[in-house]
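> Next come a sequence and a model predicted from it.
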Amino acid sequence: MKNAAQNRRKPRRAQTPSERNPLAARSGEAKTSQQPVLLIESEHALPLVHVGLVLRTGSLHDPRGLEGLTRMTARMLRMGTKKLTAAEVEERIDSLGAQLSVSCAPSYVQLSGAVVAHNLEPYFQLLCELIQAPAFRAADLARAKRETIAELVGMVDDDRSLAARHFRGFTLGKHPYGRPVAGNTQTVRGITRDLVRAHHEKHFVRNNLIVSMSGDVNLERAQQLVAAHVQLPEGRVPKVEAPPTTMAKGRRLLIVDKPERTQTQIIVGTLGTHVLDPDHTALQVANVVFGGLFTSRLTHEVRSVRGLSYGASSNLGHDRERELWTMWTFPAAKDAYKCLELQLRLYDDWIKNGIKPSELKRAKDFLVKSHAFEIDTAQKRLDQRVEAELFGLSKDYFDGFVERVQNVTRKEANAALQKRLSRRDLAIVVVATAKELRKELSTLPGLDEVKVVPFDKV
Amino acid sequence: MAHRKENKKQLVARCNRKVTNSSARLRVLAEFPFGESGEQVTRYALGNGLTILILVDRQAPVLSYHTWYRVGSKHEKPGKTGLAHLFEHLMFNETKHVPRGQLDRLIESAGGETNAATWVDWTHYQSELPASELPLIVRLEADRMQHLVLRKPQVESEKEVVANERRFRVEDDIEGEVSELIYATAFKRHPYRWPTIGWMQDIESFTPEDCAEFYKTYYAPNNATLVITGDVDEAETLQLIQRHYGKIPKARIPRFRAENEPPQRSERSLELQRPTPAAKLALAYRAPSFRDADYPALALASEVLFGGRSSRLFSRLVRDEELATDLHGSLAPFADAGLYEIWVSLRPGRDLPTVLKLIEQELKRVCTHGVSRAELQKVKNRMELGFLQGMETAAGKAEQIGFFEVVYGDAAALFDRLNALRAVEPADVQRVAQKYFDARKRTSIAVVPQRGAAA
């Protein structure tokens, strides 16, 4: 039922780190030599437990030319163990009243799911079996590769995903952050069983693992489960080979050419900050002013005043290395130039003239007062702590977020804008029908390069 | 301290002590347990017909404030489709007391977030705020129930936004387009035949007068239910509601009478060509209303077929036969009889007849051989997990309570429905499969790649 309830807009609570759970009695943490990090947030209101097994290994570890290897290794985990076939794994998960998702990001692989509390032990045991004893059968790998390729081809149906996929590659080029997490049809075909096995052996080691549990569980019980079922071999945590993030110079436009588009998908971006940069919080606050809220400048001008796009927002990404700042809109094809020209004007003005005192106050008010929603469930509190572990943040990083926001001055926010965001180096990706829009979009101010690629080349 | 052991009737008496306006006088209608949590939901009503459901939940210092209006796209008329949804957008605009844009600004500055949704049977406004901001949201919601200002420039601008939303969800989205078309094909008379977002030409034609008439007709306290969950003081909440909603007069709400849908006697089929690398298939069977006693068993039949990776059709179509990349089955949660929809996105190069045959085989297998007790227990476990996950936040609880109150007619039935799911037997699943999986009453849409778009 695709056309379910029509929302005025999607909730866009700012994706910002915030204070860690202050109720220390509810949370726990344990780590001994050669043991995985164990993070717990207890909340006994419902008979439900969320479980996560997170490896500090992601697509940044993919060898060049083998993009998609880490994701394929992760995908293979649920395709059978030495004792269970893929079908038996799925049957077991569903029978336990559980769910599981396996995901791969640039910096981590995550098995995350939830289970009714009385089945926690068999579920946790199964997750451990998946990461510790995957079968990696040749037939399963062949099937996983065919599935992945079919998904990559099918992804072109979704214009938004299409824009996002092209955007990272176009913006970051050959930097590991620019390479596709899922790979492409060519690199996926090149993945062999030996490569998957070797990748698993190297990365799935005890020291590389974070175990997290939240909900109807306590630290003692979790420790018992880890002691009983985590049997990954010891090993060194592989280093991340990610040089400082860079992007090509100039203002560049990429049109992803797809026929019959009545609407465009537009992403504009440039380099942002590293999460540990001293002005990262100041830039977060400035971003809330620009496109982090429904009343922010971008949404107000694009949607509320002109009705040009149903959605308009900006985001400051964060990861292990410096990530991207982006803004996203999706105007009708007839309005694409008008919308994009306006966005670029708003962007220039934001950086050149900075934010106003009243805007600063509103952004800080929102970030400070909405903090209650960053910690209103055990799972959210736990996610913050997992993130701190993954990205090498200090344990009190989230504790200090509210205070850091409160301390941001207008001068600091405007200085961060000037220092971190480039007015010159901007990548613009538009999914559109090129024959209708290329000529007009090529006249956007300050463009150094215009490129067109077909939508179905994956 | 004096109020600690006060029961609900005493609490209501206290709230009414200085109230002379009859439309602001409060009554307690019912109290019922919220599952096994030990929490209680209380239903109150004001003299003007406003229903209020409160669940005090001290898990976090937040509150969820939801307003459900019993008006959705089924209450519209042909030529005016999409009005309920457009109107929902306009409710964020301007009132006599709150200038344009201020509602969002006030809520955001308070650390809150607000949103809304419209569907066939209802329109739903929700705000999540720190618990201390209760007075703000009561004031704002009551204000826009009675003092909305509708000016031409705002209506025109919002029509553009909705047109863009339609392009996003329907015109440039194959699944969205097919879902819209399948309802338009399956229904001949019932207003479920038009999409909630409305036909594009209707969206473009709305005037401020259309919107004003809609507001006057449907936005009244006796057509609304408030659901408040979270860390609130019940007496303070009720007194604020009396103060801000108590003077709003009730309205005469038109009674909804859907035209009887003529029985479908043969399959209706369409084929579309679109720029996609792989074919798609949508099937829709006639389904019971959410209130129908068959609904739980049919929901479980759907889970057996499509729920999770061990389900029968995922196993066969995606894993074993490698015919599809994505598939799902969904049962419309509507107040009137809707559709049971099946959606399959094929792998590039796979053919539609093979996939259709296989789906039919699996549906027939449930009709002929039923399901095992173990398989049924598995899907019940999955549904119970989903139910628990929906209850993790104040917002999740408020949404469930409001949905059951408005669509089912009674919020207390929320846990009855869970018990009904638990009580379903294999024979029930087989019976409803036989009743509803009837290809003669099916609507199907096939999407085939345009020449040159295939991978």
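That came through, no problem.
> near chain B, which residues of the stretch 151-300 of chain A?
By Cβ under 8 Å from any Cβ of the partner chain, the residues of the stretch 151-300 of chain A that approach chain B are A:151, A:153-154, A:156-159, A:258-263, A:293-295, A:300. The way it works is simple: take the backbone N, C-alpha and C, and place the C-beta from them, glycine included.
> one more time with 6 Å
A:151, A:153-154, A:157, A:159, A:259-263, A:293-295 (Cβ under 6 Å from any Cβ of the partner chain).
> domain parsing for chain A?
A:24-229, A:251-454 (automatic domain parsing).
> chain center to the first one, what's the gap?
Its chain's C-alpha centre lies 14 Å from the corresponding centre of domain A:24-229 when counted by Cα atoms, centre = their mean, to the nearest Å.
> mean confidence score for it?
What domain A:24-229 shows for mean pLDDT is 93.
> repeat for stretch B:419-433
Rounded mean pLDDT across stretch B:419-433 is 97.
> for stretch B:63-77, same thing?
Across stretch B:63-77, pLDDT averages out at 97.
> Same check on stretch A:293-309?
94.
> Next, the distance between the ends of that stretch.
15 Å (Cα to Cα, to the nearest Å).
> same deal with stretch B:43-54?
7 Å.
> show me where the stretch 1-150 of chain B has helices.
Counting by DSSP state H, counting those that start in this stretch, the stretch 1-150 of chain B has helices at residues B:8-16, B:83-90, B:102-109, B:134-146.
> Repeat that for the stretch 201-350 of chain A.
With DSSP H, counting those that start in this stretch as the criterion, the stretch 201-350 of chain A has helices spanning A:219-229, A:280-287, A:297-299, A:336-353.
> Now do stretch A:327-347: everything it contacts.
Residues from elsewhere that reach stretch A:327-347 (Cβ atoms under 6 Å, 6 or more residues apart in numbering or on different chains): A:261-268, A:291, A:297, A:302, A:308-309, A:312-314, A:437, A:440-441, B:164, B:167-168.
> Which of these are buried, as a PyMOL select command?
Remark: buried members of those, expressed as a PyMOL selection using 16 or more other Cβ atoms under 10 Å in any protein chain shown:
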select buried, (chain A and resi 261+262+263+264+265+266+267+268+291+297+302+308+309+312+313+314+437+441) or (chain B and resi 164+167+168)
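> Now do the helices in the stretch 251-400 of chain B.
B:295-306, B:312-313, B:352-369, B:373-389, B:394-403.
> Remind me what the fourth one packs against, helices and strands.
I take that to be helix B:373-389. helix A:86-95, helix B:295-306 (3 or more Cβ pairs under 6 Å, 6 or more residues apart in numbering or on different chains; DSSP states H and E).
> hmm, the shortest one touching chain B?
I take that to be helix A:86-95. Yes. Judged by Cβ under 6 Å from any Cβ, helix A:86-95 and chain B are in contact via A:90, A:91, A:94, A:95.
> can you pull the contacts of the residue of the stretch 1-150 of chain A found nearest chain B?
Relative to chain B, the nearest point of the stretch 1-150 of chain A is residue A:97 (3.2 Å; Cβ to the nearest Cβ). Listed by Cβ under 6 Å, 6+ apart, the contact partners of residue A:97 are A:116, A:119, B:381, B:384, B:385.
> now, which of the contacts of stretch A:327-347 lie within strands?
Applying DSSP state E to the contacts of stretch A:327-347, the entries found in strands are A:265, A:266, A:267, A:268, A:309, A:312, A:313, A:314.
> for the residues you listed, which one is nearest chain B?
Among the ones in strands among the contacts of stretch A:327-347, and counting by Cβ to the nearest Cβ, the member closest to chain B is residue A:309, at 5.7 Å.
> Double-check residue A:213 against residue A:39; I have them as touching.
No. Using Cβ atoms under 6 Å, residue A:213 makes no contact with residue A:39, being 7.7 Å away.
> ok, back up a step: need the residues of helix A:86-95 next to chain B in TSV (columns: distance to residue B:194).
TSV is the format used below for the residues of helix A:86-95 next to chain B (distance: Cβ to Cβ, whole Å):
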residue	distance to residue B:194
A:90	39
A:91	42
A:94	37
A:95	42
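> ranking those by neighbours, who comes first?
residue A:94 (23 neighbours; other Cβ atoms under 10 Å in any protein chain shown).
> contacting residues for it?
Per Cβ under 6 Å, 6+ apart, neighbours of residue A:94: B:308, B:310, B:378, B:382.
> Which residue is the nearest non-sequential neighbour of the second one?
By that I understand residue B:310. residue A:90 (4.0 Å; Cβ to Cβ, 6 or more residues apart in numbering or on different chains).
> Is it correct that that neighbour is in contact with residue B:312?
No. Residue A:90 is beyond contact range of residue B:312, at 11.7 Å (criterion: Cβ under 6 Å).
> Could you say which helix or strand holds residue B:444?
If you go by DSSP states H and E, residue B:444 is part of strand B:442-449.
> In its sheet, which strands sit next to that strand, and in what direction?
In the sheet, strand B:442-449 lines up against strand B:268-274 (parallel), strand B:280-286 (antiparallel) (DSSP bridges).
> Report the mean confidence score over it.
Mean pLDDT, strand B:442-449: 97.
> how far off helix B:352-369 does that strand point, in degrees?
Angle of strand B:442-449 versus helix B:352-369, following axes from the mean of the first three to the mean of the last three Cα atoms, to 10 degrees, is 150 degrees.
> so what's the closest residue to residue A:158 other than its chain neighbours scoring on pLDDT?
Spatially, and ignoring its direct neighbours in sequence, residue A:158 is nearest to residue B:173 (7.8 Å; Cβ to Cβ, 6+ apart). Predicted confidence (pLDDT) for residue B:173: 90.
> Ok, residue B:41 next?
Per-residue pLDDT puts residue B:41 at 96.
> ok, it touching residue B:54?
No. If you go by Cβ under 6 Å, residue B:41 and residue B:54 don't touch, sitting 7.1 Å apart.
> Pick out the residue in the stretch 351-458 of chain A sitting closest to chain B.
For the stretch 351-458 of chain A, Cβ to the nearest Cβ, closest residue to chain B: residue A:369, 2.4 Å.
> most packed of the strands paired with strand B:442-449?
Comparing the strands paired with strand B:442-449 by mean neighbour count (mean count of other Cβ atoms under 10 Å in any protein chain shown), strand B:280-286 ranks first with a mean of 24.
> Tell me the gap between it and the middle of its chain.
Distance, stretch centre to chain centre, for strand B:280-286: 21 Å (Cα atoms, centre = their mean).
> how about the strands paired with strand B:442-449 in JSON lines, adding distance to residue A:225 and mean pLDDT?
Compiled in JSON lines, the strands paired with strand B:442-449 are given as follows (distance: least, Cβ to Cβ, whole Å; pLDDT from 0 to 100):
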{"stretch": "strand B:268-274", "distance to residue A:225": "49", "mean pLDDT": "96"}
{"stretch": "strand B:280-286", "distance to residue A:225": "43", "mean pLDDT": "98"}
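> Nice, that's everything, thank you.
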